[in-house]
Structure formats: C-alpha cells, structure tokens
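In: compute the structure for the input listed below.
(2 chains)
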Amino acid sequence: MSPPTAAIEVENLIKDYGPVRAVAGLSFAVAGGSTTALLGGNGAGKSTTIGMIMGLVLPTSGTVRVLGTDMVRRRHDVLHRMNFESPYVDMPHRLTVRQNLQVFGMLYGVPDLSASIARLADELDLTALLDRPSGKLSAGQKTRVALAKALINEPEVMLLDEPTASLDPDTADWIRGHLERYRDRRGAAILLASHNMGEVERLCDRVIMLKQGRIEDDASPTDLIRRYGRSSLEEVFLDVARGRRENAA
Amino acid sequence: MSFSIQRVGALCLRYIYLLASSWPRLLELVYWPVLNLLTWGFLQTYAMSATNSTLFVGGALVSGLLLWEVLFRGQIGFSISFLEEVWSRNLGNLLMSPLRPAEFVAALMVMSLARLAVGMIPATILAIAFFGFDLARLGIGFAAFFALLVVTGWAVGLVVCGLILRHGLGAESLAWTIMFVFWPLCCVYYPLSVLPAWLKPFALALPPTHVFEGMRAVLSEGVLRLDLLVAAAALNVLWIVAASFAFAALLDSARDAGTLLSSGE
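Out: So this is what the prediction gives:
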C-alpha cells in the first residue's frame, strides 16, 4: 500500500529573481489536519514560497504539489479545493459582504450557496453585516469577511498570510480559535506565514524557520524552544534571525 | 476542470454589482460619448452650412465619430473592468480562485459590451435625432462594423491587461491612451487616399481602417463592400490570436517575475 499523499509537497524548490536567489532548495511536506508555520525575517522567502505553492509564482526549478497536483502545470485542477487569506489582498469595497461571498461562492462552485453564506455568517458573526459594503467595515470585521471568503468552499488546503495582522488581541484570539476548529473538523492542512509568535505557538504543530531562502530549522514550537534553550518562540526566532545556533546541550 | 459559464457569470455579476452601486461610474459611461457627439455633431452642422463637402454626406463625420467611440470604448470597457480588480486589490483573490484566464477574459468581453451599450445607446439616439446619423442607411453594415471594431478593441485591451499584469499600475496609462495611436492611422474621418504612401501599409494592417473605409462606401455610394469587411475580419482574427498569445506570455512572465503577488505600482 502506498503512503498517503501529503496535502502540500515541496521538493528542491528554487526561485531566482535575476541574480538574487529568493528560495534556495526548499523541501518539505504538510499533512492534512495539521498547521505548519513558515517563519523568517523580511526577505527570508516566505511570500515567494507561498506564491509558488499557490501557483502564482513560477519556480526556477523544483516541484510543488498540492493534493497530488502539480501547481506549475495543472493548478486549475485543484484550486477549487484550496483557498487563501492575506491582509495584502482586499475584497471589492463597494460590494456588500453578501455580494462578495456570492461572487466567490459562484467562482468556487459552492452548492447551495445561500445556505453556505448564512452558515458562515452565523459562525463568523457576520449576519448583521451581510448587507453592508465591505469597504465600510472595521479591520476586524474585514478580516472575518476575508476568512469567510477563505472558507466558502470548505478548502482542504488553506494558505494564510498574517491572518490576524492588525487585529486587537480579542478578535485575533477568536479567529485563531475558529481556524483550529475548522482544521480539526475538516482535516484541512493549513500553511501559515506569520510574525506573531504567540499565534504560531498556539496554532501550529510545526514550524519551518527560513533564512535567506533556506530551511534553518524545522520542528514543533515546543521542540524548538527546548533545543534553543529559550522560554518563547520569539526568542528562538531572534536567535535564528541573528545567526545564533541552538543549544549544543 | 473546463471552461465554466458559471464562473464567467460570477465575475460579470461582480461588475454589475459594482456599476449598480456607483452612479458616477454609470454617468462616466454616458458622459464622454455624448460630449464627443455634441462637439463633433455641432461642427458637422456648421461645416455643412459653410461648404458642400462630401466629407459630410450622410452624416459621415458623426457616423465616423460613433464608430470610433465603439472602437475606443470597446477597449476601455474591457481594460477598466480589469483595472477595477487591480484598484480594489482583488486580483490575488481572483487569480487564486478556480477562475481560468479564458473565463476572466470572457467576462471582460461581456462587460465591455454591457458598458458599450450603456454609453452608446444614448449617444446614438442623440446622433439620429439631431445630427443626421442614418442608422437605416448603414443597415446591416452597422452591425458588422460594430462587431469588427469591438473585436479590435478587445485585442488591444487584452495586450493592455497583460502589460498591467506584468508591469503593475505603471502600465495603467496605456489603457487610456493606446487607442489614440489608431486615431490618425485608421482613417476615421478621412479616406485612406489622404495618407502618404509610406504610411498606408501601417494603416492597412489595422482592421478599423477597412471598417471606416467600408462605412464611407455605404454612406457615399450606398454599397456595402464585402471585400473590406472580409479584410477587417481576417485581420481581426490575426490580431485576437496574437493578442491572446501576448496575454498568455505576459501572464507567464508575471508569474516568473512574481509580480502577481504585488499588483500595485
């Protein structure tokens, strides 16, 4: 019997922008039902790696497979089974929340869309906001709408770029709780890029530390903290970013 | 997954919601064609009283203007719908959705037609009522001219969208200005014979040149020149195929350069 296919498989991934090597031979896999964080300072290669997993950036060499599908050549075969959220992408401001969810639900081919929108609105506390223009919402409300869009097709793979950036601690905590419940219920694979170490410690079973496009370390948050002899993931992050090695002991 | 009408419809719905929520956008669609028509229409009225030039026979100036607007607005309508996605920072959401490039382009084409209808119907009614535009005289030719010019507008719009994908909003101004390269060359208001010999091959490579020549033939001789329609249609096929390849190449180049992740400046 062949082993189960990982939700995301990255092998020997390299991306050069002219003379600059942004990603230098990454290999990793993310299993369904797990949350993995890509951590690293600015320019470490997180966004480029996520871009290649989404199929929006072409690798110079190497392969990316999502749910067994080659993302360079056949991404449209699998895009309906994945979704993403990023604070650097917006929903159209003039459309109401309901209209936006309707449009994206149709794009993703969601059956019984009205019921799906009502259910998501209920889960994400958006019911009272459904007929308001998306551009008139607060940052926290917009993030909840973006999350509703990211969940509209019940994705098996979610790519999240700074999912709680600029949110107050209460809203951020609420969103994390929702993501955890979704992952456990759906068995979804979540790949997360974040600078919020508390978020990573809470949400992720595994952390891939990137530096200059390479994997500097790869372990669970607890293991990393123990191995580096630190008390928090933030201290480990600083050690890696500043080139200090883990505890020899 | 193959081409999906539902996804094309979803994107059209997004643009219809946008237009319906924004009266300035709707007004802008009507504003320029009507303003242009009034200016050139009055010029034609004045010139007809001052001269007896065949230039103005059968409302040739106003007919030329209306068809020029079809060409220009066809391209603008296509490109602006695309730009709406860049302006609203929604492009990433769409490119990460199952929407295929061909479906995106199909939705832009549908919206180009919808925007043309909103803009051109009032202008055409005014032209008929006040400036001697004779729709009946153009007859079936008008539909053919309209279709041929719209397709040329789409071909140019496709290249503009590809350049915006590749180079970001730095290429936005092309959406507004690129069609003016055609203006002197495709002989909107004067016959091809006016151009110097060295410029004629360039003019003849443009599908609209044959359309405007055809329009003048209908208005002055009452003849619908099929040879001109066939030439324009054949050139349009070449143009739309070349534009599709250019769009695909620019999209691949944007993926290679990583510019789809940051579709701003």
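In: centroid residue for chain B?
Out: Closest residue to the average C-alpha location of chain B: B:Gly74 at 2.5 Å, with C-alpha atoms, centre = their mean.
In: residue contacts, that one?
Out: B:Ser112, B:Leu116, B:Leu149, B:Val150, B:Val151, B:Thr152, B:Gly153, B:Trp154, B:Gly157 (C-beta atoms under 8 Å, 6 or more residues apart in numbering or on different chains). Bear in mind the C-beta positions are built from the backbone N, C-alpha and C, glycine included.
In: B:Ser2 - how many residues pack around it?
Out: Neighbour count for B:Ser2, taken as other C-beta atoms under 10 Å in any protein chain shown: 7.
In: got it, and B:Leu91?
Out: Per other C-beta under 10 Å, the neighbour tally for B:Leu91 reads 24.
In: ok, back up a step: so which of the contacts of B:Gly74 is the closest to chain A?
Out: Chain A has its nearest neighbour among those in B:Ser112, at 18.7 Å by C-beta to the nearest C-beta.
In: quick one, what contacts that closest one?
Out: Contacts of B:Ser112 (C-beta under 8 Å, 6+ apart): B:Gly74, B:Gln75, B:Gly77, B:Phe78, B:Ser81, B:Val150, B:Gly153, B:Trp154, B:Gly157.
In: distance from the longest helix along chain A to the middle of the chain?
Out: For chain A, the longest helix by residue count, based on DSSP state H, is helix A:169-186. Distance, stretch centre to chain centre, for helix A:169-186: 13 Å (C-alpha atoms, centre = their mean, to the nearest Å).
In: list the buried ones in it?
Out: For helix A:169-186, burial by neighbour count (16 or more other C-beta atoms under 10 Å in any protein chain shown) applies to A:Thr171, A:Ala172, A:Trp174, A:Ile175, A:Arg176, A:His178, A:Leu179, A:Tyr182, A:Arg183, A:Arg186.
In: including distance to chain B and pLDDT, could the residues you listed go into TSV?
Out: Output for the buried residues of helix A:169-186, formatted as TSV (distance: C-beta to the nearest C-beta, whole Å; pLDDT from 0 to 100):
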residue	distance to chain B	pLDDT
A:Thr171	21	82
A:Ala172	22	84
A:Trp174	23	85
A:Ile175	18	86
A:Arg176	22	88
A:His178	20	89
A:Leu179	18	92
A:Tyr182	18	94
A:Arg183	19	94
A:Arg186	18	94
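In: pLDDT wise, what is A:Pro3 at?
Out: For A:Pro3, the pLDDT comes out at 53.
In: just the ones of the contacts of B:Ser112 in helices?
Out: B:Gly74, B:Gln75, B:Gly77, B:Phe78, B:Ser81, B:Val150, B:Gly153, B:Trp154, B:Gly157.
In: the fifth one is in contact with B:Leu108, isn't it?
Out: Yes. Taking contacts as C-beta atoms under 8 Å, B:Ser81 lies within contact range of B:Leu108: 5.1 Å.
In: ok, the stretch of helix or strand B:Val8 belongs to near chain A or not?
Out: In this structure, B:Val8 sits in helix B:5-20 according to DSSP states H and E. Yes. If you take C-beta under 8 Å from any C-beta of the partner chain as the test, helix B:5-20 does meet chain A, through B:Gln6, B:Arg7, B:Gly9, B:Ala10, B:Leu11, B:Leu13, B:Arg14, B:Tyr17, B:Leu18.
In: okay, now the third one: neighbour count?
Out: Which is B:Gly9. Neighbour tally, B:Gly9, other C-beta under 10 Å: 18.
In: what sits closest to it if chain neighbours are left out?
Out: Closest residue to B:Gly9 apart from its sequence neighbours, by C-beta to C-beta, 6 or more residues apart in numbering or on different chains: A:Met106 at 6.8 Å.
In: make sure that neighbour is indeed in a strand.
Out: No. Under DSSP: H, G, I helix; E, B strand; the rest coil, A:Met106 falls outside any strand and is assigned helix.
In: OK, contacts around it?
Out: Counted by C-beta under 8 Å, 6+ apart, A:Met106 has contacts A:Leu113, B:Gln6, B:Arg7, B:Gly9, B:Ala10, B:Leu13.
In: from B:Leu99, how far off is whichever residue of the stretch 1-150 of chain B sits closest to chain A?
Out: Per C-beta to the nearest C-beta, B:Ala10 is where the stretch 1-150 of chain B lies closest to chain A, at 3.4 Å. In this view, B:Ala10 and B:Leu99 are 8 Å apart by C-beta to C-beta, to the nearest Å.
In: overlap in contacts, these two.
Out: With C-beta under 8 Å, 6+ apart as the test, B:Ala10 and B:Leu99 both reach A:Leu107.
In: can you pull the contacts of the closest residue to B:Leu185 other than its chain neighbours?
Out: Spatially, and ignoring its direct neighbours in sequence, B:Leu185 is nearest to B:Ala203 (4.9 Å; C-beta to C-beta, 6+ apart). Each residue near B:Ala203 by C-beta under 8 Å, 6+ apart is listed here: B:Leu185, B:Cys186, B:Cys187, B:Leu192, B:Leu195, B:Thr209.
In: any idea which of the residues you listed is closest to chain A?
Out: B:Cys186 (35.2 Å).
In: my read: B:Leu11 touches B:Pro101, true?
Out: No. In this structure B:Leu11 lies outside contact range of B:Pro101 using C-beta under 8 Å: 11.8 Å.
In: which stretches of chain A have low pLDDT?
Out: By pLDDT under 70, the low-scoring segments of chain A are A:1-4, A:244-249.
In: that older thread, let me have the ones in helices among the contacts of B:Ser112 in JSON lines, extended by distance to B:Leu95 and pLDDT.
Out: As requested, the ones in helices among the contacts of B:Ser112 are exported to JSON lines (distance: C-beta to C-beta, whole Å; pLDDT from 0 to 100):
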{"residue": "B:Gly74", "distance to B:Leu95": "24", "pLDDT": "94"}
{"residue": "B:Gln75", "distance to B:Leu95": "22", "pLDDT": "95"}
{"residue": "B:Gly77", "distance to B:Leu95": "21", "pLDDT": "94"}
{"residue": "B:Phe78", "distance to B:Leu95": "18", "pLDDT": "95"}
{"residue": "B:Ser81", "distance to B:Leu95": "15", "pLDDT": "94"}
{"residue": "B:Val150", "distance to B:Leu95": "26", "pLDDT": "97"}
{"residue": "B:Gly153", "distance to B:Leu95": "24", "pLDDT": "96"}
{"residue": "B:Trp154", "distance to B:Leu95": "20", "pLDDT": "97"}
{"residue": "B:Gly157", "distance to B:Leu95": "18", "pLDDT": "96"}
